[in-house]
Every structure is written in structure tokens, then in C-alpha cells.
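A.B. asks: sequence and predicted structure, then a few things I'm wondering about:
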Amino acid sequence: MARHSSYQSTERTRKGAVTKFGSRTDVGSVREQNEDSLIVNPPLFVVADGMGGHAAGEVASEIAVNTILELAPDHADAEALGHAVEEANRDIINAALAGEGREGMGTTVTAAILERDKLVIAQVGDSRAYLLHNGELTQLTRDHSLMANMIEAGQITPEEARFHPNRSVITRALGNDPDTLPDLYEINVEDGDRLLLCSDGLYSMLEDDEIAAVMRRVSDPQRCASTLVNGAIAAGGHDNITVIVADAEGRAQQKRRRIAIRTKVTIAFVLLLLAGILAAAAWGGYTYLHNTAYLAKTDSGMVAVYRGVPGDVLGFGYSELVEETDIPVSKLSPSAAERISENMRVNSVDEAFELVESYREEITAKQTSQKTTASTQAASSAAAAAEEETAE
């Protein structure tokens, strides 16, 4: 994340071990500064990709997400969300006039509110929103870019646009025109739908089919976001990469109410089977305690896998250390470190080790990115020294 970028989040909602949303941002393998910013504050999710270089793009994107966070509605209201984006545009312009950042700085922004079965989006620029529905990935937003205009005019194909020399030209962004208006979208979603917000650092490196394959395969949103970023880095990481993945709950709450009503109707029958149910519950509790697991921070600051549950269940406690890993909690992202420090429950020991592996991959990818950047800088310095010697 950029040095000045904003990151807001609330505690992740879990269903078993699967979080309902996840996010990750990375500088990539080429850029020296991350100009992206993001907000994860359900039901609000925002991705902003700053433009204008160091001390400009990151300032613009940070102003955008902070203003939207302050002014966004509490519920899925497209017009109110669009108003927040318009105010963010004015704040960026005023900040540049006041000497904050640089004149001409700007940012894309894609802001979404995902609330039960309703999704609203306000978008300016080429950061995108996708929806995975019934296994099919659809781009919801239209890029405000030269490439999008040329594709729609039939001048080039989408594949040609990926390598076009003007592929980074944006036709609309926050920070340039005080009258800029966002595109607004209102979409109905269902249980099982998955929302993806991303900067162009993702889809410029991975094709939509590759993105869709990861979103179908990786069930946990946090791990899905990390896997997508790792894939973009592996493909070259030519730009900053920011990803937010959020799962829709649809009208699951209403379904749960109907189930509760049906449950009350069957209580009389259930009472007749109480003895059997109690026996089954006892066995189920025993099985649960011996199969469930959690991740926690050891006294030495490392990630550890435990079998059982933290604390007591019905007055009984069961927990045993399976393995203290070689992963320091301090090397994880702030959100992951916080969840593990608070004892992160998962469904099984195998699932715990899957998460551990994803954290190890994330740390390795970050280290690789840093090494690549250092090598590039060293090569540039050596070339400059050689030119000076030649000149002498």
C-alpha cells in the first residue's frame, strides 16, 4: 500500500472459516511507489488508482477514498454514492489549488455498496467492477479510456488493446474537471454471487478467463484476493495492483427466518427424539472439538496452528498445538495479523495449513517484488556510472 494510502476495515464476517470479503494491494514489480488506495468498510468497498507520479497520485487517491468514506450512504443508494464521488472530485481539485500534492493530479475510483441482494456502483476512470454469477464473470463497469472508445468504435480488438502504446490513456478521472460525473449502476445480486473491484494493475496482467478461474477456485475471499495479486505479479506486475473480493449474501437472512419458523413448528416432534438428539449432539461436540482448528500468535510472535477452539465451549476447553510455523505475524498484512492475534477460527487443520501456505506465498511474492525493484535500481545505477566513465 502506498505510504500515505488509507485503509479502513471492519471485522470480517465468517461463515465457518470463510470470510465474506478480502482485499490486498501491492506496489508490483516495476513501480517504486504504490499510488492505489482502498476502503474496505462493509457494505462500502472502494478502489482508487492515483495518477500524477510520486507525491501526487497517492495524494489524490487517498483524498478520494477518505471523502467517499465520510460521505457515502449507509445503505445501497446509487445517487447518494455518486454524490460522494462528486465531492471527492472537488476535494482533489481544491487540494491541488491549496498546494497539496501537485497540480494536475488525479485518480480513478470505483466505489460499491453491497447490501443483501442489492449492489450499487459509482465509477470514474478505468478501475473495474466485475460480478461472478453462476460461475460466469461479467465486467459491470465501462472503462473511461481511449482503448474502450476504440474497441467500441471497432478500430481495435480487446486483445490488441492490451498491448497498445496508448493503453494507459484515461478519458475521465477525478481531479481534472469540477463537473465530472460518475457512471452509476444498480444491480440485483443473489446468494453465491461474488463482487470484484480492482485497479488496472490486475486486468492488464491477467485476462478475464484467468481472473474468473481463480474466483471460482478459491473460496475464501481474502485468499482469493491474494492469489489474484500474486498472479498479476507473476505475470510481470507492471503497475500497482489492488483487489477487493466480496461475497453477496442476498436474502439469506430472510431464508434463515423462514427456517426458524419451520423449526418451531417441528419442536413437538423433536422433543420425542430428545434423547437421540442429545446423544448426537454430544458426539457432534466431541467431533467438532477434535476436528476444528484455529490460527493464533505464539509468545515468540510466530503463526501457530492449533486443534480445537480458543477459550471454553459450554464450560469445557479443548486446545492443542499442532505446529508453530516459521511465519512471523509481523510479516503479514495488518488485517491478517489482527485476525490471527485475535485467534482466527477455521473449519479444520487442513484448512488452517492452506491459509498458512497462502500467507507464505504472499510474503515470498512481496520479497521477490522487493528484490526485483532493488535489482532494477542497481542496474540503472551501474548503467549511469558506465555512461559517466564513457563521457570522461
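C.D. replies: Looks like it came in fine. Numbering: from 1, shown residues only.
A.B. asks: low-confidence stretches in the stretch 201-350 of the chain?
C.D. replies: 252-258, 260, 265, 268-270, 276, 278-289, 313-317 (pLDDT under 70).
A.B. asks: oh sorry, the question was meant for the stretch 1-150 of the chain
C.D. replies: 1-19, 53-55.
A.B. asks: what about the strands in it?
C.D. replies: Using DSSP state E, counting those that start in this stretch, the strands of the stretch 1-150 of the chain run over 14-15, 18-19, 21-26, 36-41, 44-51, 106-115, 118-124, 128-133, 136-139.
A.B. asks: mind giving me TSV with the ones you listed and columns for mean neighbour count?
C.D. replies: Where you see a C-beta, it was placed from the backbone N, CA and C, and this is true even at glycine. Output for these, formatted as TSV (neighbours: other C-beta atoms under 10 Å):
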stretch	mean neighbour count
strand 14-15	12
strand 18-19	21
strand 21-26	24
strand 36-41	26
strand 44-51	29
strand 106-115	27
strand 118-124	25
strand 128-133	21
strand 136-139	13
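A.B. asks: ok, which of those comes nearest Glu79?
C.D. replies: Among the strands of the stretch 1-150 of the chain, the nearest to Glu79 by C-beta to C-beta is strand 118-124 (8.8 Å).
A.B. asks: what pairs with that closest one, and is each one parallel or antiparallel?
C.D. replies: strand 106-115 (antiparallel), strand 183-188 (antiparallel) (DSSP bridges).
A.B. asks: how about the shortest one: buried residues?
C.D. replies: Spelled out, that is strand 183-188. Across strand 183-188, burial judged by 16 or more other C-beta atoms under 10 Å covers 183, 185, 187.
A.B. asks: quick one, that strand and strand 128-133 angle?
C.D. replies: 10 degrees (axes from the mean of the first three to the mean of the last three C-alpha atoms, to 10 degrees).
A.B. asks: and the following helix or strand past strand 183-188, what does it pack against?
C.D. replies: On the C-terminal side of strand 183-188, the closest following helix or strand by DSSP states H and E is strand 194-198. Here strand 194-198 touches strand 44-51, strand 106-115, strand 128-133, helix 208-217, helix 221-234, strand 241-247, going by 3 or more C-beta pairs under 8 Å, 6 or more residues apart in numbering; DSSP states H and E.
A.B. asks: out of these, which gets nearest to Thr157?
C.D. replies: Closest among the helices and strands packed on strand 194-198, once you apply C-beta to C-beta, is helix 208-217, at 13.9 Å.
A.B. asks: what does that closest one contact?
C.D. replies: Applying C-beta atoms under 8 Å, 6 or more residues apart in numbering, the contact partners of helix 208-217 are 130, 132, 135-137, 139, 194, 196, 202-203, 224, 227-228, 231, 245.
A.B. asks: please redo it, this time with the cut-off set to 7 Å
C.D. replies: Outside of helix 208-217, the residues within contact range by C-beta atoms under 7 Å, 6 or more residues apart in numbering are 132, 135, 137, 194, 196, 203, 224, 227-228, 231.
A.B. asks: dump the strands paired with strand 118-124 to a markdown table, plus distance to Lys20.
C.D. replies: Formatted as a markdown table, the strands paired with strand 118-124 follow (distance: least, C-beta to C-beta, whole Å):
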| stretch | distance to Lys20 |
| --- | --- |
| strand 106-115 | 9 |
| strand 183-188 | 18 |
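A.B. asks: still on that earlier bit, Thr372 is nearest to which of the strands of the stretch 1-150 of the chain?
C.D. replies: strand 21-26 (12.1 Å).
A.B. asks: each with direction, which strands does that closest one pair with?
C.D. replies: strand 241-247 (antiparallel).
A.B. asks: ok so, going back, which of the strands paired with strand 118-124 sits closest to Ile327?
C.D. replies: strand 106-115 (31.1 Å).
A.B. asks: list the residues that contact the nearest residue to Leu132 once chain neighbours are set aside.
C.D. replies: Spatially, and ignoring its direct neighbours in sequence, Leu132 is nearest to Arg194 (4.1 Å; C-beta to C-beta, 6 or more residues apart in numbering). Applying C-beta under 7 Å, 6+ apart, we find Arg194 in contact with 132, 215, 245, 247.
A.B. asks: those, buried ones only, as a PyMOL selection?
C.D. replies: Those of these that count as buried under 16+ other C-beta under 10 Å are selected in PyMOL with:
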select buried, resi 132+215+245+247
